[in-house]
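Trainee: Model the structure of this input:
(one chain, ligands or ions: 1)
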Amino acid sequence: MAREYELKAAPSDAGGLIGESATTINRRQFLRYGFNTAAGVLTASLGMLGFAAILLPPGGGSGGDLAVKFWAKGREDSAWYGAQHLQSMTKSSFVEEAASSSTKTAGASGVWNGVPVVVMYVEHSKYAGTPESNGKARFQFTEGMDETGKYVGHFEDLAEADPRLMPSEDLVMVFGRCTHLCCIPGWQLVSNSFTEDSWTPGGGDDGGTKLFCICHSSRFDPTVLEMNTNRNRSTGATFNYAGIRRSGGPAPVGLPIIPIQMNGDVVEGLADYVDWYTYCD
Ligand code: FES
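Mentor: I've put the predicted structure just below:
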């Protein structure tokens, strides 16, 4: 049974989040980023979900350094992957779980390189090319608008340049910090109308199967892949990114994708778009 959380109202003023010092990171630094982040900025917001114990070597547990690990701390008895806490994520685990879902989807919180992530499985290849209908979840590749409604671009513009941004083996992974105030959105951590096992096309707020941020109730649709724009809060520099769509709540934009590759059955993340994950710096 899903754990219940008391939701908080969204603050009216998100001031104070913009740091004073300029911060840029490269790929090597990102490999250490998880340690720094978990030890500092993240700890307070992660504590609610037990992510404070995320101070782990990126390669801890089974699998190699690139492998994504399940993260079920505190929910070992309630999450479907609870018994696999800190074990490498495998596609077969998601497929098995999705088989019992009416929408044939499954999602799980994880840790990769010491940072929180969420991985979703959508039985896309089965339904791609068929008419969209409620309940038959598949990925949708769309244009994106920024928080002011201004057109940013199309997901396929980015995916054409780097096909690794496309879901791999019907799996997609996103960086797990909310674009509102940097809390950790979960996948069906909380029983409510946004996380219930239902799906509708279009990326709107109707239907369930959403990532749900317990902090102020933002929702993200993991089946809608778009191009959007965000900014580094330390430097103020803006960047376009490929991500999943924000479907509701105070979060201004969606969550960025972390491209994945499969190593046999094991899900691995690729550290190629580190700037996309700096909006909480
Ligand atoms: S941090 Fe406020 S909704 Fe996620």
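
Trainee: Can you pull the residues of this structure lying near the ligand?
Mentor: Residues of the chain lying near the ligand by Cβ under 6 Å from any ligand atom: 10, 178, 180, 181, 183, 213, 215, 216, 218, 249, 250, 251. C-beta: built from backbone N, CA, C; applies to glycine.

Trainee: For those residues, pick the one with the most neighbours.
Mentor: residue 213 (30 neighbours; other Cβ atoms under 10 Å).

Trainee: That one and residue 183 touch, don't they?
Mentor: Yes: taking contacts as Cβ atoms under 8 Å, residue 213 lies within contact range of residue 183: 5.6 Å.

Trainee: can you list the residues of the chain next to the ligand in CSV and add pLDDT?
Mentor: Output for those, formatted as CSV (pLDDT from 0 to 100):
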residue, pLDDT
10, 49
178, 96
180, 95
181, 93
183, 91
213, 93
215, 91
216, 93
218, 95
249, 95
250, 96
251, 96
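
Trainee: Using TSV, lay out those residues together with distance to residue 194.
Mentor: Formatted as TSV, the entries for these read as follows, by distance: Cβ to Cβ, whole Å:
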residue	distance to residue 194
10	15
178	14
180	15
181	18
183	15
213	10
215	14
216	13
218	9
249	9
250	14
251	13
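
Trainee: With secondary structure added, can I get those in CSV?
Mentor: Shown next, in CSV, are the residues of the chain next to the ligand (DSSP: H, G, I helix; E, B strand; the rest coil):
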residue, secondary structure
10, coil
178, coil
180, coil
181, coil
183, coil
213, coil
215, coil
216, coil
218, coil
249, coil
250, coil
251, coil
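
Trainee: Where does pLDDT dip in the stretch 51-200 of the chain?
Mentor: 51-64 (pLDDT under 70).

Trainee: Strands of that one, start to end?
Mentor: 69-70, 105-112, 115-122, 140-141, 143-145, 151-154, 171-175, 186-187 (DSSP state E, counting those that start in this stretch).

Trainee: which stretch among those strands comes nearest residue 243?
Mentor: strand 171-175 (6.8 Å; Cβ to Cβ).

Trainee: which helices and strands does that closest one pack with?
Mentor: Helices and strands touching strand 171-175, by 3 or more Cβ pairs under 8 Å, 6 or more residues apart in numbering; DSSP states H and E, are strand 115-122, strand 219-231, strand 238-248, strand 255-256, strand 260-263, strand 266-269.

Trainee: Show me what it is in contact with.
Mentor: With Cβ atoms under 8 Å, 6 or more residues apart in numbering as the test, strand 171-175 has contacts from 68, 91, 94, 110, 112, 115-122, 139, 211, 220, 222, 225, 243-244, 255-260, 267, 269, 276-277.

Trainee: go on, stretch 122-137?
Mentor: Contacts of stretch 122-137 (Cβ under 8 Å, 6+ apart): 98, 102-105, 138-140, 167, 170, 172, 198-201, 207, 209, 222-223.

Trainee: give me that answer again for 10 Å
Mentor: With Cβ atoms under 10 Å, 6 or more residues apart in numbering as the test, stretch 122-137 has contacts from 94-95, 98-99, 101-107, 120-121, 138-140, 166-167, 169-172, 197-202, 206-207, 209, 221-223.
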